[in-house]
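Undergrad: this is a predicted model, with the sequence first.
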Amino acid sequence: MSACVPTRNDHSSRGSSPPRASGIKRPHGPPPPPRRGRFRVSGADLSASITVFLIAVPMSLGLAVAMDAPLAAGLVSAAIGGIVAGLLGGTPLQVSGPSAGLTVVTAELIQLYGWRTTCAITVGAGLLQILLGSLKAARSALAVSPAIVHGTLAGIGVAIALAQLHIVLGDTPQSSALENALSLPSHLARLEPAALLIGALTILLLVVWPRLPGRIGASLRRIPAALAAVAIATAVAAAATPGIARVDLPSWRSHALPELPHGPVAALATAVFTVMLVASLESLLASVAVDKLAADRSAAGPRQGSAPTAPVKRSDLDRELRAQGVANAVSGLAGGLPVSGGAVRSSANVRAGAESRASTVLHGVWVLLAAVLLVTALEWIPLAALGALVMVVGIQMVNFVHIRKVHKHREFLVYGATISGVLLAGVLEGVAIGIVVAVAVALHRLARTRITVTEQHDGRYLVAARGQLTFLAVPRLSRLLGRLPQGVDAVVELDGFFMDHAAYETIQDWYAAQTAMGGRIEFTGRSGGRIAEPASAAHSCCRPWTPWRNHHCHDRGQEGSPATPAAASHIVSKAAAAPAAPASSPSRRRGAHRLLNGLSSFQRTTAPLVREELARLASEGQRPSQLFLTCADSRLVTSMITASGPGDLFTVRNVGNLVPPPDAGGATGNDDSVAAAIEYAVDVLEVESITICGHSGCGAMQALLEADPETPRTPLWRWLRHGLPSLERMRSRDHSWARIAGRLPTDAVEQLCLTNVVQQLEHLRAHESVSRRLAAGTLQLHGMYFHVGEAQAYLLTEGASSGTGPDEVFARVAPGAVWGAEPSTEALPTAPGTTVGA
């Protein structure tokens, strides 16, 4: 019976369960996953669907007004997008409806071909989306430069805002963004006060409503801003401006359906492709955004008083693209607008607590019912309010976060060119212009190389190459290198990620000539660190801190040679920027041989780096600040997961990270080794904190679960009896489930691993030296769980660690978390004034 060995549970799926032979009853176990094929509606999904419905109705009508399409078409596309795309889509929480990104394109198509032909174009775009999704081209669509994608959507947003501004002013928009901008001064001279008043009121409410202060404001903010703005504007218009233009929903008997398209084949094909391109990009970008929102929500954990939400799977973009295609085909056949996933509706769905695709589908059902039953109420809405709502949506498509990102990555020229192309020439033309500019910028960066030669104070020369070394840079490189004296001492600083063969041969020939004349050449990166290695290691994947991963590397020769351009070329290239994985698994050797090789590697590579620090510790003595008690499992490398070094941690390891209680003696003898280590750390070393660390796939916990009365009472079992209180705690109805924030444990083994950390903390508090320091407020206790397969650490919430909190929740440690400072959003939710360290 192995105590701590890799088990299936460490790599199992979420549906794994303990063996039946164990006989373990789990009255509080996680609920079994729902059966596939059954459509379940939770209370959270029902609530979220109503929230999204209240946003979707005014937005759908507003987009129909902006496109100069039949108003009923907006409701048709919202219902079909919710029901069809919701049922078939690969992003369960994404809400689809009339496409804001296609507002300008659809308006132009209606003017050119009429409404019924535009519906046929929508059907064609949907069929093309189905084809591309079946060919698994969704990921390829996102391979376009983000500057082009966001520039396209921003250009469409500007065009929408310019067109809707005319409606807010009480006028009719023109056919293009440029004409809308040029005609704006003349429209300002003939304002319609009523429309301007209602439009300005709507915009003001959209801006102010999410920022209402106080308790009353918090209650009002539960009502979606779009619904509140349109409802209040409608009420004001009914009282103050009864003659204002309002929504006019025609009878469903006169609802127009598609017809066979009429017009030039090339122009119609271009229109189909444009609708497909914009709708697909908007939907796929929204899917990626929904994934991020859902992941952030899972990392933050469930809301207070609510059950933990199951983690949402990552989107299947090809399935989502096919679903959007089906929705567009059905919407076009039913006389609806083009459909796409919407960031506004989808983000509202996630933030409202939606758990599954049921919220999306129900929202579509509510829209369908509203289109049939609430026609009279919808006809009270003033057009100026809908125009103002869509204008704000257009402005929000110009995302300043995206602008900062493209500026940071020096792609603002591409972004600006794409926006200008969309506004001046059209969507498809703008995308083409953006691609041309992006290619030109990439070629310019690839061809531009700055090479300088400077003489240092010590007589050495510094040759600095900024950029990529290609054949285009060879003439200048050869000229500058040729000016250096023969037999020179020089440092070659390479700041780039690519060196082609022509540049490599130029540097190689110069290097050989200089070393033949007694010169010394060293190659470095921009930071100044040497990038050349001995010839025997230049092609090696070994690093001083990973001898355990590549034991075969120790068999290679250790004799080195001077730095060469070959080593520099490998480091400059991306392929050598990180250690490469070995082509085959390392061959197994005897333990003594491997250990001896490791010792030899330490003496050769690591000892020279740490000798001075170890000498200081030897003279001053150890003064660790923390006691770290964890399992003896070989996969748990404490110094690596805590980023600690010599003198930082006083470490105690045993099978199962167990802490025997002070009274754990009895007939079986005393277990004093752990107690002695605790007493020494607390009273002699005066550590400031103690951390108990469990881990996934613990063999000791597996052994406890599989034990039965006939298990032989071996020394291992006599030790594991200290884990029986953890097993009893897990089975007890008097304790809440220990769990990871955002999800329940995957199986019984993980549940026991988490519970064991909490239980051993209770044993730790019972030790006299620990309880005394806790009462004095000079010691902190922490619980930690390390998931080996994910390489992810989780920390027990501070209340549970101290024994005062009701919840036993392990929160994910974020990569950028800094304890003692302001924690990141993914970090541990500690109590005020508490610091965490392990």
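TA: Noted; the coordinates are in hand. As the structure is a computational prediction, the values presented were derived from the model and not from experiment.

Undergrad: excluding chain neighbours, give the residue nearest to Ala163 in space.
TA: Leaving aside its sequence neighbours, Ala163 sits nearest to Pro173 (C-beta to C-beta, 6 or more residues apart in numbering; 3.9 Å). In this view, the C-beta of every residue, glycine as well, is placed from N, C-alpha and C.

Undergrad: where exactly do the helices run in the stretch 1-150 of the chain?
TA: Secondary structure of the stretch 1-150 of the chain (DSSP state H, counting those that start in this stretch): helices at 43-67, 71-80, 86-88, 103-113, 115-134, 138-141, 146-168.

Undergrad: rewinding a little: and the residue nearest to Ala163, helix, strand or coil?
TA: On the three-state scheme (DSSP: H, G, I helix; E, B strand; the rest coil), Pro173 is labelled coil.

Undergrad: for it, what are its contacts?
TA: Neighbouring residues of Pro173 by C-beta atoms under 8 Å, 6 or more residues apart in numbering: Leu162, Ala163, Gln164, His166, Ile167, Asn180.

Undergrad: that one and Ala66, how far apart?
TA: Per C-beta to C-beta, to the nearest Å, Pro173 is found 8 Å from Ala66.

Undergrad: how about Val659?
TA: Distance of Val659 to Ala66, given as C-beta to C-beta: 67 Å.

Undergrad: same question for Leu609.
TA: Relative to Ala66, Leu609 is positioned 65 Å away (C-beta to C-beta).

Undergrad: so these two - more neighbours on which side?
TA: Set Leu609 next to Ala66 and count neighbours by other C-beta atoms under 10 Å: Ala66 wins out with 27 against 9.

Undergrad: ok, which stretches of the chain are strands?
TA: 96-98, 339-341, 450-455, 461-466, 489-495, 520-524, 626-631, 649-654, 689-695, 739-740, 780-787, 792-796, 809-812 (DSSP state E).

Undergrad: the first one pairs with which strands?
TA: So that's strand 96-98. Strand pairing for strand 96-98, using DSSP bridges, gives strand 339-341 (antiparallel).

Undergrad: return the most buried member of the strands of the chain.
TA: Mean neighbour count (mean count of other C-beta atoms under 10 Å) peaks for strand 96-98 among those, with a mean of 35.

Undergrad: what lies in contact with that strand?
TA: Defining contact as C-beta under 8 Å, 6+ apart, one finds that strand 96-98 is touched by 56, 59-60, 63-64, 73-74, 77-78, 81-82, 85-86, 89, 283, 324, 327, 336-342, 345, 360.

Undergrad: tell me which helix or strand of this structure sits lowest on mean pLDDT?
TA: Within the chain, no helix or strand scores below helix 535-538, which has a mean of 38 by mean pLDDT, DSSP states H and E.

Undergrad: low pLDDT regions in the stretch 601-750 of the chain?
TA: 664-670 (pLDDT under 70).

Undergrad: what segments of it are helices?
TA: In the stretch 601-750 of the chain, the segments counted as helices under DSSP H, counting those that start in this stretch are 607-620, 638-641, 672-679, 699-706, 715-720, 724-731, 748-765.

Undergrad: so can I have CSV of those showing distance to Asp458?
TA: Shown next, in CSV, are these (distance: least, C-beta to C-beta, whole Å):
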stretch, distance to Asp458
helix 607-620, 25
helix 638-641, 39
helix 672-679, 53
helix 699-706, 59
helix 715-720, 63
helix 724-731, 65
helix 748-765, 57
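
Undergrad: out of those helices, which is closest to Gln129?
TA: Between Gln129 and the helices of the stretch 601-750 of the chain, the shortest separation by C-beta to C-beta is 40.7 Å, and it involves helix 748-765.

Undergrad: that closest one packs against which elements?
TA: On a contact count with 3 or more C-beta pairs under 8 Å, 6 or more residues apart in numbering; DSSP states H and E, helix 748-765 meets strand 689-695, helix 699-706, helix 724-731, helix 768-776, strand 780-787, strand 792-796.

Undergrad: in it, which residues are buried?
TA: Neighbour-count burial for helix 748-765, counted by 16 or more other C-beta atoms under 10 Å, picks out 748-761, 763-765.

Undergrad: can you tell me the closest non-neighbouring residue to Phe810?
TA: Tyr794 (3.8 Å).

Undergrad: with Ser644 instead?
TA: Distances taken as C-beta to C-beta, 6+ apart place Thr638 nearest to Ser644, at 7.2 Å, with adjacent residues excluded.

Undergrad: and Ile451, by the same measure?
TA: Nearest non-adjacent residue to Ile451, counting by C-beta to C-beta, 6+ apart: Ala465, 5.1 Å away.

Undergrad: ditto for Leu293
TA: Distances taken as C-beta to C-beta, 6+ apart put Val350 closest to Leu293, at 4.4 Å, once the chain neighbours are dropped.

Undergrad: and that neighbour, what does it touch?
TA: Leu93, Val290, Leu293, Ala294, Arg297.

Undergrad: what about it, distance to Val488?
TA: Taking C-beta to C-beta as the measure, Val350 falls 63 Å from Val488.

Undergrad: still on that earlier bit, list residues touching both of Pro173 and Ala66?
TA: Jointly contacting Pro173 and Ala66 under the rule C-beta under 8 Å, 6+ apart are Ala163, Gln164, Ile167.

Undergrad: the second one against Val390, yeah?
TA: If I follow you right, that is Gln164. Yes - using C-beta atoms under 8 Å, Gln164 is in contact with Val390, at 5.0 Å.
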